[in-house]
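Enquirer: this one's sequence-less:
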């Protein structure tokens, strides 16, 4: 009989141990759930920061590309200005030459207008034959 009372006492003690194990398991499970949630938030924050850094890098690269395009356009404009300098420099001489040539044409055409048609044909024929004979 004595043995039986001992087992009843040990039975009462073991009922509380299950409650402690269940409480510890619940605490571990809750901490694992909070850990997973925290890791997910950390990963989401890291992805958001990486996207922001990538956007900043792309914007900076686009800004630099636009700057280089402006520099290239300025170089093209400067080379065009340098190329036009000889043309502008020769402009007075070319206008003077064109003016004298136009005056010469006006004199020749004015001379031809005063002559009659037959006389002008005769003078042109004589001039052309004299030029051909001189060669």
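Expert: Okay, I see it. In this text the structure is predicted, and so the values were computed from the model without any measurement.
Enquirer: just the helices in this protein please.
Expert: 2-114, 117-134 (DSSP state H).
Enquirer: any chance of these in a markdown table, plus mean neighbour count?
Expert: Just so you know, the C-beta spots here come from the backbone N, C-alpha and C atoms, and that holds for glycine as well. Listed next are the helices of the chain as a markdown table, based on neighbours: other C-beta atoms under 10 Å:
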| stretch | mean neighbour count |
| --- | --- |
| helix 2-114 | 10 |
| helix 117-134 | 10 |
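Enquirer: where among the ones you listed is the average confidence lowest?
Expert: Lowest mean pLDDT within the helices of the chain: helix 117-134, at a mean of 70.
Enquirer: quick check: residue 94 vs residue 101, distance?
Expert: Distance of residue 94 to residue 101, given as C-beta to C-beta, to the nearest Å: 10 Å.
Enquirer: do residue 56 as well
Expert: Taking C-beta to C-beta, one finds residue 56 at 66 Å from residue 101.
Enquirer: got it, and residue 29?
Expert: 105 Å.
Enquirer: could you do residue 50 as well?
Expert: 74 Å.
Enquirer: same check on residue 79?
Expert: The gap separating residue 79 from residue 101 is 33 Å, by C-beta to C-beta.
Enquirer: do residue 70 as well
Expert: 45 Å.
Enquirer: so who does residue 97 touch?
Expert: Not one residue lies near residue 97 by C-beta atoms under 8 Å, 6 or more residues apart in numbering.
Enquirer: distance of residue 61 from residue 35?
Expert: 39 Å.
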